[in-house]
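Trainee: below is the sequence, then the predicted model.
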Amino acid sequence: MNNNKPFVKNLLITIVLSFLALMIYLPLAALGQEIIKGGWSTLAKALTDRNFQNACWLTILTTLIVLPINTIFGLCTAWIIARNRFPGRTLLITLIDLPFSISPVVVGLMLVLLYGRQGWFGNFLQSINFQVIFSLPGIVLATAFVSMPFVAREVMPILEEIGKAEEEAAQTLGANSWQIFWYVTVPNIRWGILYGVLLTNARAMGEFGTVSVISGNIGGKTQTLTLFIEDVYLNYQTAEAFAASFVLALLALLTLLLKELLEHRSGNTNKGRIH
């Protein structure tokens, strides 16, 4: 039996590496090859396209708006669930996971039914001259919905693991609620917060389905980077499509690098505490 262990281990490693190569490494290599084949001048020309720059700016702006919203929501939700027992707690945990299971296209249609001209709030929004669908507010709403669970899901288990002992000790020493949260709770959950923020950032930048429904995909106005890639590719502008994909892949790799750095830093911090 023991003689089979190296064989089984090597077989599993081969399967995992082969799957990763098929799903990640080879597609990235193919993208890089297309960029090199077109030449750097073609890439530079594509990157100076005005619609591409507008799409980049809209993607960055949307992400910058969504990140603090979902971070605050995630912290509040994680705190309520981890520190309290109340009727409907299980239902609340289930609802947080809803964006993981529901189709992004369905989310976009739901938002249209709520905020479109014929939607539930359509007449009210028209009366105050505020447009949600086919505009930045709608894109932010859609992106915030699909990226909502990450911070809460990362912070919640950490809060449950550390318990309330340190917070109760600080309270007995005269610390108020804000001081307890800032000086006791946050240092314990900071890596979970940062990890959740990175995941939220990655999902916000790469979201396609929900935004495609609610934005109208108007070039230069409501077109995010993912929508721009689809639009130019369908119009046979392959150089622009590959260039935009290259930029989006770089942003994803940067997010992954930050995640690895945070995990490494977190591991070193935990080791230091143990010793």
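Mentor: Cool, the structure landed.

Trainee: for the stretch 51-200 of the chain, just list every one of the helices.
Mentor: 89-96, 98-101, 104-115, 122-127, 136-146, 149-162, 165-172, 177-180, 186-206 (DSSP state H, counting those that start in this stretch).

Trainee: out of these, flag the one nearest residue 24.
Mentor: Closest approach to residue 24 among the helices of the stretch 51-200 of the chain (Cβ to Cβ): helix 186-206, 14.2 Å. C-betas here are computed from N, CA, C, even on glycine.

Trainee: shaky segments in the stretch 1-150 of the chain?
Mentor: 1-4, 38 (pLDDT under 70).

Trainee: try it again at 80.
Mentor: Applying pLDDT under 80 to the stretch 1-150 of the chain flags residues 1-5, 7, 24, 28, 31-47.

Trainee: do the same with the stretch 151-275 of the chain
Mentor: Residue ranges of the stretch 151-275 of the chain with pLDDT under 80: 239, 252, 255-256, 258-275.

Trainee: before we move on, the earlier item: between the helices of the stretch 51-200 of the chain, which gets nearest to residue 25?
Mentor: Closest among these, once you apply Cβ to Cβ, is helix 186-206, at 18.4 Å.

Trainee: and that closest one, what does it pack against?
Mentor: helix 50-83, helix 149-162, helix 238-274 (3 or more Cβ pairs under 8 Å, 6 or more residues apart in numbering; DSSP states H and E).

Trainee: now these in TSV, with distance to residue 99 and mean neighbour count?
Mentor: Below are the helices and strands packed on helix 186-206 laid out as TSV (distance: least, Cβ to Cβ, whole Å; neighbours: other Cβ atoms under 10 Å):
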stretch	distance to residue 99	mean neighbour count
helix 50-83	10	18
helix 149-162	6	20
helix 238-274	19	15
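
Trainee: among these, which is nearest residue 217?
Mentor: Of all the helices and strands packed on helix 186-206, it is helix 50-83 that lies closest to residue 217, at 10.3 Å by Cβ to Cβ.

Trainee: coming back round to it: can the helices and strands packed on helix 186-206 go into CSV with extra columns for distance to residue 31?
Mentor: What follows is these, written out as CSV (distance: least, Cβ to Cβ, whole Å):
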stretch, distance to residue 31
helix 50-83, 16
helix 149-162, 26
helix 238-274, 6
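
Trainee: quick one: closest of the ones you listed to residue 5.
Mentor: Nearest to residue 5 among the helices and strands packed on helix 186-206 is helix 238-274; the distance by Cβ to Cβ comes to 27.2 Å.

Trainee: tell me how many other residues surround residue 108.
Mentor: Number of residues near residue 108 (other Cβ atoms under 10 Å) recorded here: 23.

Trainee: show me what contacts it?
Mentor: Counting by Cβ atoms under 8 Å, 6 or more residues apart in numbering, residue 108 touches 142, 209, 210, 211, 212, 213, 214.

Trainee: now do residue 154
Mentor: Counted by Cβ under 8 Å, 6+ apart, residue 154 has contacts 74, 192, 193, 195, 196, 199.

Trainee: residue 107 versus the closest residue to the last one other than its chain neighbours, what's the distance?
Mentor: The one in question is residue 199. Counting by Cβ to Cβ, 6 or more residues apart in numbering, residue 150 is the residue found nearest to residue 199 once chain neighbours are left out, at 4.1 Å. Going from residue 150 to residue 107 by Cβ to Cβ, to the nearest Å gives 16 Å.

Trainee: do the same with residue 74
Mentor: Residue 74 sits 18 Å away from residue 107, going by Cβ to Cβ.

Trainee: out of the helices of the stretch 51-200 of the chain, which is the most enclosed?
Mentor: helix 136-146 (a mean of 23; mean count of other Cβ atoms under 10 Å).

Trainee: quick one: contacts of that one?
Mentor: The contact list for helix 136-146, computed with Cβ under 8 Å, 6+ apart, reads 58, 61-63, 65-66, 69-70, 99, 104, 107-108, 111, 115, 130-132, 203-204, 207, 210-211, 213-215, 222, 224.

Trainee: and what of stretch 189-201?
Mentor: If you take Cβ under 8 Å, 6+ apart as the criterion, stretch 189-201 is touched by 63, 66-67, 70-71, 74-75, 147, 150-155, 157-159, 162, 186, 255, 258-259, 262-263, 265-266, 269.

Trainee: what does stretch 82-99 give?
Mentor: With contact meaning Cβ under 8 Å, 6+ apart, stretch 82-99 is reached by 77, 80-81, 107, 145-149, 152-153, 155-156, 159-160, 164.
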